[in-house]
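Q: got a predicted structure plus its sequence, pasted below:
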Amino acid sequence: MALRYQAATAERDRAVEGDLALGKVDEDLDRRGDAPIDLPPLPDLGSGHRTLHRFVPCAVVTTAFAVLTLAVRCSPRPFAADLWLHEWLRTHRTSGLTSLALAVTSTGNSTVLIPAAFTAAFVAARGAVRPRLLLSTSVAVVLVLGVGIRLDVSDLVARARPPQSDWAGYAHGYAFPSGHSTAAAMTAGLLVWVAATRLTGRTRGIVVGLIVFWGVTVGLTRAYLGVHWPTDVLGAWLLAVAWLSIARASAHALAARHPTQLVRALTGAAERSGP
């Protein structure tokens, strides 16, 4: 009995000491208020989801371009749709439209577009010289790499052009994908990106509309002049959209990981985050 009494007394004393300790902790919290607790930061799952979401269009358009490229590479002759559209365009030419097409198609030369895109991006950008220079240089680099990819694909596919007797203009090299159409579409996409992040209101809409109209028209002139099959132009557009989608998604992913002023200049984040 004495031993059990001593054990019960000791257990009761420990419980009282625990209650007193809890009461002291509560008093300390009451005196200090709700002090902030440092917890490790949670991972930004939304940022990763947004990055993945931006790469989905890249995969879709790249797959479409790869399928068309494989079909052209494996086909021993032009597609029936190519032959029909080529003949229809050839028989509906007029001297006035041909002169206009020759003037428009001359603006799709990559040796002209690369420095022109660099200059346009530098002028359109705002702020310090260094971010503007980085933006314009990045535009030129993306365009140069895109033109290089086009040349590699062209050599790989080695598609013959339409008969030279059907031409209404000068051309050289392989047909698929169209070089002028690729350069013009990539340049138009890059300039639309710059305009969309730097301009506002009606001015942005008008400028973007004119740029898109020009880029598409250059491609149409290549088929109209008979120097390319229509699917050469389609392949050029798909390649341009795929490459620009990859470049845009990569730029946003880089800005999310390294949000410096120079990197943010590539995505226009600095302008959009301002007042």
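A: Alright, I've got the coordinates.
Q: any idea how far residue 75 lies from residue 181?
A: Per Cβ to Cβ, to the nearest Å, residue 75 is found 19 Å from residue 181. (C-beta placed from N, C-alpha, C; glycine too.)
Q: more crowded one of the two?
A: residue 181 (29 against 12; other Cβ atoms under 10 Å).
Q: who's in contact with that one?
A: By Cβ atoms under 8 Å, 6 or more residues apart in numbering, residue 181 lies in contact with 108, 218, 219, 222, 228, 232, 233, 236, 237, 240.
Q: which of these are buried? Put it as a ChimeraX command.
A: The command below creates a ChimeraX selection of those among the contacts of residue 181 that count as buried (16 or more other Cβ atoms under 10 Å):
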select :108,218,219,222,228,232,233,236,237,240
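Q: between the contacts of residue 181, which sits nearest residue 137?
A: Sorting the contacts of residue 181 by how near they are to residue 137, with Cβ to Cβ, puts residue 240 at the top with 19.8 Å.
Q: what kind of secondary structure is the closest one in?
A: Per DSSP: H, G, I helix; E, B strand; the rest coil, the secondary structure class of residue 240 is helix.
Q: skipping adjacent residues, who's closest to it in space?
A: The shortest distance from residue 240 to any non-neighbouring residue, by Cβ to Cβ, 6 or more residues apart in numbering, is to residue 185 (3.5 Å).
Q: and what of residue 57?
A: residue 245 (5.1 Å).
Q: secondary structure element holding that neighbour?
A: helix 230-257 (DSSP states H and E).
Q: what's the average pLDDT for stretch 71-79?
A: If you average the pLDDT over stretch 71-79, you get 93.
Q: span of that stretch from start to end?
A: For stretch 71-79, the first-to-last residue distance is 10 Å (Cα to Cα, to the nearest Å).
Q: list the buried residues in that stretch.
A: 72, 78.
Q: what does it rub up against?
A: Contact partners of stretch 71-79, identified using Cβ under 8 Å, 6+ apart, comprise 86, 156, 157, 159, 162, 176, 229, 231, 235.
Q: how about JSON lines for those, with pLDDT, neighbour count and distance to residue 127 added?
A: JSON lines is the format used below for the contacts of stretch 71-79 (pLDDT from 0 to 100; neighbours: other Cβ atoms under 10 Å; distance: Cβ to Cβ, whole Å):
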{"residue": "86", "pLDDT": "96", "neighbour count": "20", "distance to residue 127": "48"}
{"residue": "156", "pLDDT": "95", "neighbour count": "12", "distance to residue 127": "41"}
{"residue": "157", "pLDDT": "95", "neighbour count": "18", "distance to residue 127": "43"}
{"residue": "159", "pLDDT": "95", "neighbour count": "20", "distance to residue 127": "45"}
{"residue": "162", "pLDDT": "96", "neighbour count": "22", "distance to residue 127": "48"}
{"residue": "176", "pLDDT": "96", "neighbour count": "26", "distance to residue 127": "41"}
{"residue": "229", "pLDDT": "96", "neighbour count": "26", "distance to residue 127": "44"}
{"residue": "231", "pLDDT": "97", "neighbour count": "24", "distance to residue 127": "43"}
{"residue": "235", "pLDDT": "96", "neighbour count": "29", "distance to residue 127": "38"}
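Q: biggest separation within these, which pair?
A: Pairwise over these, using Cβ to Cβ, the maximum falls at 86 and 156, 22.9 Å.
Q: hmm, the residue nearest to residue 240 is touching residue 219, no?
A: Yes: with contacts counted by Cβ atoms under 8 Å, residue 185 reaches residue 219, the gap being 6.5 Å.
Q: what touches both of those two?
A: Common contacts of residue 185 and residue 219 (Cβ under 8 Å, 6+ apart): 236, 237.
Q: now residue 226, what's its secondary structure?
A: Residue 226 ends up coil, using three-state DSSP.
Q: could you find the closest non-adjacent residue to it?
A: Nearest non-adjacent residue to residue 226, counting by Cβ to Cβ, 6+ apart: residue 166, 4.1 Å away.
Q: how many other residues sit next to that neighbour?
A: Residue 166, neighbours per other Cβ under 10 Å, totals 14.
Q: kindly report the same for residue 189.
A: By other Cβ under 10 Å, the residues close to residue 189 number 24.
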